[in-house]
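Visitor: structure, please.
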Amino acid sequence: MHHANHWYGHANVMSRYTGLAGIPRIWGYLQHGWNSHDGFAVGTAFAPGFPKFVWSESVARRAWAAGLRNIAVVGSPWSYLLRLYGQDEWEASKPRREGTIVYPFHGWEQQNVVGSHADYVKEIRAVEGDVPITVCLYWNEYKDASVRRAYESDGFRVITHGYRGHMWRDTDQEFLDNQLREIRGHRRVVSNRMGSALFYGASTGAEVGIYGDPMVLEAERAILGGMQRQQRMFPLMHQPHVPIEMARQWAREELGMDELLSPAEIRKTFGWEHAQRASGGERNLVAEGAMGLAEDHGRGPLSRVPTDDKAARDAADEASDPS
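Guide: The predicted model follows:
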């Protein structure tokens, strides 16, 4: 099935949660990120008869309104990861968190971001003050030395969580693990646009905020409604300091944190009933809940950043792939 199911290690998280030995293909389409539309990338070609697995009832309603059918709510992979890592127990331990992690609005392989990173740096420093600041760039911007320098020049720590993956290749299977580790280490999670990272941050009890030049994508897709739709949907999220409990409630709703399935239900829903179980049973990830937050897990330059030639080959592969 669709290779986007494996982006960011989503299929890996679901497989781990269900106690499987490998990572089977999901028989359907799994939402791979948050948006204000139907939860899927614009232009996704859905094969007839296969279900669309979305994170929450709110996304399901938007998808239905957009004309999609055969929709099933399964909860977000992030929500399952929080269970694997014992989020409630971790919060009850009152861990130390400091500083701010920033997620600038990012582009992707076919659309770059238009906006000033230098101006955003000034706004970040003005709002956050003299605290440790980590800037997490999407791989597309991270490979651009000039973008990294814009943030490093002001003393910001610059990292990336890894490579999303494409056509079942080069996926950083621990992308979400890396993200959870970093978010848990910071008191605040901010961005200049709404996105998955803000809801992820709020779900862990971090304070969140949105401010600064929102930037735009080249040839931004009108069907997504831009930042204007996001502001209409979540007006109170668009401020530097969002009340924590308010943000947490929205995160619960959008991430489907109250919609999670049991391991057996996931195996049945995803067509994994005959997949091989892990021989040693499920890892006791709750016992690993500290996740080495005292260590610096920030990444240096990616060991494998796709080149333009590789992206072109991948696009050709995708065009010829029958699934």
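
Visitor: who touches the strand or helix carrying residue 182?
Guide: Residue 182 is part of helix 175-184 when elements are defined by DSSP states H and E. Helix 175-184 is touched from outside by 8-10, 13, 77-78, 81-82, 85, 90, 95, 97, 101, 134, 136, 159, 161-164, 172, 189, 197, 200-201, 204, 206, 291-293, 297-299, with contacts defined as CB atoms under 8 Å, 6 or more residues apart in numbering. Where C-beta positions appear, they are placed from N, C-alpha and C, glycine not excepted.

Visitor: try stretch 115-133
Guide: With contact meaning CB under 8 Å, 6+ apart, stretch 115-133 is reached by 98-102, 104-105, 147, 150-151, 153-157, 188, 190, 192, 209, 211-216, 240.

Visitor: relative to the whole chain's centre, how far out is stretch 89-96?
Guide: Relative to its parent chain, stretch 89-96 has a centroid offset of 23 Å by CA atoms, centre = their mean, to the nearest Å.

Visitor: buried set for that stretch?
Guide: For stretch 89-96, the neighbour count (16 or more other CB atoms under 10 Å) marks residue 90 as buried.

Visitor: now the end-to-end length of that stretch.
Guide: Counting by CA to CA, to the nearest Å, you get 14 Å between the two ends of stretch 89-96.

Visitor: could I get the contacting residues of residue 34?
Guide: Counting by CB under 8 Å, 6+ apart, residue 34 touches 55, 194, 195, 196, 199, 254.

Visitor: try it again with 7 Å
Guide: By CB atoms under 7 Å, 6 or more residues apart in numbering, the residues touching residue 34 are 195, 196, 199, 254.

Visitor: which one of those is nearest residue 45?
Guide: Among these, residue 196 lies closest to residue 45 (CB to CB), at 22.8 Å.

Visitor: okay, now residue 136: neighbour count?
Guide: Residues contacting residue 136 under the criterion other CB atoms under 10 Å number 26.

Visitor: doesn't residue 160 make contact with it?
Guide: Yes. In terms of CB atoms under 7 Å, residue 136 counts as a neighbour of residue 160; the distance is 6.4 Å.

Visitor: quick check: closest non-adjacent residue to the residue of the chain positioned farthest from its centre.
Guide: Residue farthest from the centre of the chain, counting by CA atoms, centre = their mean, is residue 279 at 29.7 Å. Leaving aside its chain neighbours, residue 279 sits nearest to residue 21 (6.8 Å; criterion: CB to CB, 6 or more residues apart in numbering).

Visitor: how far away is the one you found from residue 185?
Guide: To residue 185, residue 21 is 31 Å away according to CB to CB, to the nearest Å.

Visitor: try residue 175
Guide: Distance, residue 175 to residue 185, by CB to CB: 16 Å.

Visitor: do the same with residue 29
Guide: Relative to residue 185, and taking CB to CB, residue 29 is found at 33 Å.

Visitor: ok, residue 235 next?
Guide: The value you get for residue 235 to residue 185, if CB to CB is used, is 30 Å.

Visitor: more neighbours: which of these two?
Guide: Between residue 235 and residue 185, counting by other CB under 10 Å, residue 185 is the more crowded of the two (23 against 9).

Visitor: quick check: that one touching residue 97?
Guide: Yes. Contact criterion CB under 7 Å: residue 185 and residue 97 qualify, at 6.3 Å.

Visitor: hmm, back to that, which pLDDT value goes with the residue nearest to residue 279?
Guide: In this model, residue 21 is scored at 92, pLDDT.

Visitor: mind checking which of the contacts of stretch 115-133 are buried?
Guide: Neighbour-count burial (16+ other CB under 10 Å) is assigned, among the contacts of stretch 115-133, to 100-102, 104-105, 147, 150-151, 156, 188, 190, 192, 209, 211-216, 240.

Visitor: which of the residues you listed fall in strands?
Guide: Judged by DSSP state E, the buried ones among the contacts of stretch 115-133 include 100, 101, 102, 188, 190, 209, 216 as members of strands.

Visitor: for the third one, give me its contacts.
Guide: In this structure, residue 102 makes contact with 124, 133, 134, 135, 190, 191, judged by CB under 7 Å, 6+ apart.

Visitor: quick one, the helix or strand hosting residue 11 and helix 175-184 angle?
Guide: Taking DSSP H and E as the criterion, residue 11 maps to helix 10-18. Orientation of helix 10-18 against helix 175-184 (axes from the mean of the first three to the mean of the last three CA atoms, to 10 degrees) gives an angle of 80 degrees.

Visitor: residues touching helix 10-18, excluding its own?
Guide: Residues contacting helix 10-18 (CB under 7 Å, 6+ apart): 5, 22-24, 26, 30, 32, 77, 80-81, 84, 173, 176, 263, 266-267, 272.

Visitor: one more time with 6 Å, if that's ok
Guide: Applying CB atoms under 6 Å, 6 or more residues apart in numbering, the external contacts of helix 10-18 come out as 5, 23, 26, 77, 80, 81, 173, 176, 263, 266, 267.

Visitor: good, we can wrap up now.
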